[in-house]
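Novice: Prediction below, plus the sequence it came from.
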Amino acid sequence: MSQSVKNNRQDWIAGVLRAGLYLVAFVPLIIFSEYISPFHFGKVVIFRSIIEIMAVFYLILIWKNRSYLPNRHIIFTVIGLFTLVFCFSTLASVNSYLSFWGSLERMGGLWSFFHYLVYLVILVSIFKKRDDWIYLASLAICVGVISAFYGFGQKTNIDFFIGSGNRERIFGTLGNPALFAGYQIVILFLALTLALSSWVKSTHKNLLLCAALISLVAVLMTAVRGSILGIGLGLVLFCFLYVLTLGSKVAKKILFVLIGIGVLFFIFALTFKNSSFVKNSGYLTRLTDFSLQTRTVQTRFWAWQAGLTGWKETPKTVLFGWGPENFNVPFSKHFNPKFFRGFGSETLFDRAHNMFVEILVTTGLFAAALYIALFIVSIRILWVKLVRGSDKVVGIGLISLIVAYVVHNSFIFDTSANLIMFFTILGFVIWLTQNKVDNISDNVTKRLSLFQQSVMILLLMGSFYLIYKTNILPAKANHTTTRAITFSWAGDFDKALTKFKEALDYDVPGKYEYRHRYAQWVLEQNSGKKLGEKEIGILEHAIEQVQKNADENDQDYLPYLYLSRIHIVLGKDNKSSPHNDEALRNSLKALEISPTFIRTYYEVAQAYINKGDSVNAIKYFKEAVDLNPEVGLTYWYLGATYLESGDTKMGLEAIDKAINLGYFFTEADNKKLINLYAKTGDFEKVVSLYEQLVSSKPDNAQYKASLAAAYARVGRIDEAVEQARAAAKLDKSFEKEAGDFVKSLGREL
């Protein structure tokens, strides 16, 4: 038998694994559009399923041929130690279940991390030749370009592209501009590196340069400042090292051009940031804003500060953190009240938006040191073995890629697509810098023994069962929840309820989110309504579900707030209802966990209002004011409580502050306040409130007529006439009344 036929028979398992690795390259394109977390969930469950099947084949392969085991490498050592610390941190976590399985939104955790690690091992073990890596890199670049074009499609109104509608900032197939930018950074530098290397044919170089340009445009269209800074520094470093090691005059010119562009843009930003040209462009406004007082910049600093304060809390948290996927715990414990501006404010950070802070806070000092060491070791070994060796361009390109990625990760975190590319680059670095390139032995049997075949079949069956339990069932629960949400949007209460309960019965990772979605829907359906026996039963069932979240996450304030709100709804019509006591107990527990979270003070106060205790309700609203005096909503609640208690003077003073802070009252609230201010003779406030009503309901003739009358009371005659004319134009029935009104002001309609 010929040697080639013999090798084909021996390497069929390696061929399966090679195909699996190529298949993984397509994972960044996966979107599960009808699922919660559509841009992450599908990627992770598909990736994990592929890796779980590949792991079986790999175990059989190394049993059959141990020469397929990866060579020793310092990067493997660092990652191995990091994994060990990751495991300890998961065991010591404040919520080990979440640390192991990860959250539904991000799909992280130790279980998913194991899959990235297995992917890296198989990758380095199977891809032993340059052509393997060139093909994989080319495939990854093609996928990245497709993702970029998907992002470009989001600038159109074509429904095919999820997120389309002429978006100001694109997010491709990753669902978030910053995550998408980080992914494209890797694609850009990988394409640029291959294009300038001697590894590819000249006919392919232009295609690779075009791919790099497409990725550059994609990153620029995300308007993510940290990522653009990362690309800028990475390209400058690339050119600098190219000049330093190869003495290229072209690279030197490009280096000066890049520095010049950076300086000119900085001057432009400082000079024209307040010009109408920049102000009329949301994109330029964002890019030219370098102020540390910018809201998004401040929230990052506040989140990092909260996390770091929590990290220093005990020796345990210093060494092993709060546990992977649990950044929200120290964040909530040390919450900065400035985050809260009213309903709709971003008040929950489940990630630090800085990978270095994230790892330090959640997995501790050792893990953070190893994470930093991973980058340092990679850059060092690339410099020593490549830049000082024969593959200078490849070494320079990968060093620049790593630096750009580090800068980018200083302002965001990693998710599935980013991690796949990150571990692919690590595998590439390991292959490039290992001492022994090809250690595959031909001294193996021609085929698997019967015993080996039996073991492989059993392991495959086990992997399929694992896939079913850890990927398929969670996917079914996720999809069932979205069906419930869809039915709720359509107004089909019974079908929505059935689907929500079906999703809860799966009891799989993600159940925390499903229970909260259910409770949120139940509250939306029953708040402000008269409760019958059926409604009470559903609310009590929601309490049972959320209580499970509280029991399983005893350092998370959110379940307690949900419990408090449901009990408030149940007890609102009966001051002596035990539900009000339960509402108070749960809200005070939430306050104990997060003592500076303003929303919790509202719930405590509302529980007291239900009990008829306005004194304590006012006390807690005042404490909320003290935490952040810039929130108009708090003053409104305080003022409304004063008014209900009979203290009109204090009530109107608080409401005046709410108005001055720009609080926008509801239509019903506006009408009540107008009557109050009219009675006190404060017609300036009446005008302000009617202006709000007209702004929210511009086609309401009655509001315009009333505003006209209010303007007349404060002497704003021209505006009074204008509003009277507008009311008559909107509704002919107002013509006579409006005409008489305008004549009384000495004008003509």
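Specialist: Sure, I can see it.
Novice: Now do the closest residue in space to Gly109 that isn't next to it in sequence, the pLDDT please.
Specialist: Residue nearest to Gly109 in three dimensions, not counting chain neighbours: Gly102, with 2.9 Å by C-beta to C-beta, 6 or more residues apart in numbering. The way it works is simple: take the backbone N, C-alpha and C, and place the C-beta from them, glycine included. According to the prediction, Gly102 has pLDDT 93.
Novice: which residues touch Gly102?
Specialist: Shown in contact with Gly102 (C-beta atoms under 8 Å, 6 or more residues apart in numbering): Gly108, Gly109, Trp111, Ser112, Pro324, Glu325, Pro509.
Novice: which sections of the protein are below the confidence cut-off?
Specialist: 1-10, 435-446, 749 (pLDDT under 70).
Novice: before we move on, the earlier item: please flag which of the contacts of Gly102 sit within helices.
Specialist: Gly109, Trp111, Ser112 (DSSP state H).
Novice: burial of the last one, as a residue count?
Specialist: Other residues near Ser112 number 24, with proximity taken as other C-beta atoms under 10 Å.
Novice: ok, it touching Ser49?
Specialist: No - using C-beta atoms under 8 Å, Ser112 is not in contact with Ser49, being 12.0 Å away.
Novice: thinking again about what came up before, of the contacts of Gly102, which count as buried by neighbour count?
Specialist: Gly108, Gly109, Trp111, Ser112, Pro324, Glu325, Pro509 (16 or more other C-beta atoms under 10 Å).
Novice: Among the residues you listed, which one lies nearest to Asn574?
Specialist: Nearest to Asn574 among the buried ones among the contacts of Gly102, counting by C-beta to C-beta, is Pro509 at 38.8 Å.
Novice: from memory the closest one sits against Trp101, does it?
Specialist: Yes - judged on C-beta under 8 Å, Pro509 makes contact with Trp101 at a distance of 3.8 Å.
Novice: Give me the three-state assignment for Phe171.
Specialist: At Phe171 the chain is in coil, as set by DSSP: H, G, I helix; E, B strand; the rest coil.
Novice: residues touching it, list them.
Specialist: Phe39, Gly151, Gln154, Gly163, Pro177, Leu179, Phe180, Thr222.
Novice: Highest neighbour count among those?
Specialist: Highest count within the contacts of Phe171 by other C-beta under 10 Å belongs to Phe180, 30 neighbours.
Novice: which secondary structure elements does the strand or helix carrying it contact?
Specialist: For Phe180, the host element (DSSP states H and E) is helix 177-196. In terms of contacts (3 or more C-beta pairs under 8 Å, 6 or more residues apart in numbering; DSSP states H and E), helix 177-196 is packed against helix 130-153, helix 202-222, helix 225-246, helix 392-409, helix 416-433.
Novice: Could you check the angle that helix makes with helix 225-246?
Specialist: 20 degrees (axes from the mean of the first three to the mean of the last three C-alpha atoms, to 10 degrees).
Novice: closest one to Asp492 among the helices and strands packed on helix 177-196?
Specialist: The nearest among the helices and strands packed on helix 177-196, by C-beta to C-beta, is helix 130-153 at 32.2 Å.
Novice: Check what contacts the closest one and list those residues.
Specialist: Contacts for helix 130-153 (C-beta under 8 Å, 6+ apart): 18, 21-22, 25-26, 28-29, 126-127, 160-161, 164, 170-174, 180, 183-184, 186-187, 190-191, 194, 199-200, 204, 208, 211, 214-215, 217-218, 221-222, 421, 424, 428, 431.
Novice: If you count neighbours, what's buried in that helix?
Specialist: So, applying 16+ other C-beta under 10 Å, buried residues of helix 130-153: 132-133, 136-148, 150-151, 153.
Novice: sorry, back to before: what's the closest of the buried ones among the contacts of Gly102 to Val357?
Specialist: Pro324 (13.8 Å).
Novice: tell me the contacts of that closest one?
Specialist: So Pro324 contacts Phe86, Ser89, Thr90, Ser93, Ser99, Gly102, Gly108, Gly109, Leu110, Phe113, Thr362, Thr363 (C-beta under 8 Å, 6+ apart).
Novice: mind running it again at 10 Å?
Specialist: Pro324 makes contact with 86-87, 89-90, 93, 95-96, 98-100, 102-103, 108-110, 112-113, 358-359, 362-363, 367, according to C-beta atoms under 10 Å, 6 or more residues apart in numbering.
Novice: and if you look at Ile187?
Specialist: Ile187 neighbours (C-beta under 10 Å, 6+ apart): 28, 137, 140-145, 147-148, 211-212, 214-216, 218-219, 401, 421.
Novice: For the closest residue to it other than its chain neighbours, give its distance to Lys43.
Specialist: Excluding the flanking residues, the one nearest Ile187 by C-beta to C-beta, 6+ apart is Gly144, at 3.2 Å. Between Gly144 and Lys43 the computed distance is 14 Å (C-beta to C-beta, to the nearest Å).
Novice: What residue, apart from its backbone neighbours, is nearest Trp199 spatially?
Specialist: Ile134 (5.9 Å).
Novice: Could I get the full set of helices for the stretch 1-150 of the chain?
Specialist: Secondary structure of the stretch 1-150 of the chain (DSSP state H, counting those that start in this stretch): helices located at 3-10, 12-24, 41-64, 74-91, 96-101, 109-126, 130-153.
Novice: Could you name the stretch from those that's closest to Trp636?
Specialist: helix 96-101 (35.9 Å).
Novice: That closest one packs against which elements?
Specialist: helix 74-91, helix 109-126, helix 511-526 (3 or more C-beta pairs under 10 Å, 6 or more residues apart in numbering; DSSP states H and E).
Novice: switch to 6 Å and redo it
Specialist: helix 74-91, helix 109-126 (3 or more C-beta pairs under 6 Å, 6 or more residues apart in numbering; DSSP states H and E).
Novice: So which of these is the most surrounded?
Specialist: Across the helices and strands packed on helix 96-101, the average number of neighbours (mean count of other C-beta atoms under 10 Å) peaks for helix 109-126, which reaches a mean of 21.
Novice: what's the offset of stretch 518-529 from the middle of its chain?
Specialist: On the basis of C-alpha atoms, centre = their mean, to the nearest Å, stretch 518-529 sits 25 Å off its chain's mean C-alpha point.
Novice: contact partners of that stretch?
Specialist: Contact with stretch 518-529 is made by Ser488, Phe500, Glu535, Ile538, Ala542, Gln545, Val546, Tyr562, Val569, as judged by C-beta atoms under 6 Å, 6 or more residues apart in numbering.
Novice: tell me which element the second one is part of?
Specialist: When elements are assigned from DSSP H and E, Phe500 belongs to helix 493-505.
Novice: Would you mind writing the CA trace of that helix as PDB?
Specialist: What follows is helix 493-505, C-alpha atoms only, in PDB (Å, rounded to 0.1, in the frame of the first residue of the first chain):
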ATOM      1  CA  PHE A 493     -52.500  37.400  27.500                       C
ATOM      2  CA  ASP A 494     -53.300  33.700  27.800                       C
ATOM      3  CA  LYS A 495     -50.800  32.500  25.200                       C
ATOM      4  CA  ALA A 496     -48.100  34.700  26.700                       C
ATOM      5  CA  LEU A 497     -48.800  33.300  30.200                       C
ATOM      6  CA  THR A 498     -48.600  29.700  28.900                       C
ATOM      7  CA  LYS A 499     -45.300  30.300  27.100                       C
ATOM      8  CA  PHE A 500     -43.800  32.100  30.100                       C
ATOM      9  CA  LYS A 501     -44.600  29.200  32.400                       C
ATOM     10  CA  GLU A 502     -43.300  26.700  29.800                       C
ATOM     11  CA  ALA A 503     -40.000  28.600  29.700                       C
ATOM     12  CA  LEU A 504     -39.700  28.600  33.500                       C
ATOM     13  CA  ASP A 505     -40.300  24.800  33.700                       C
END
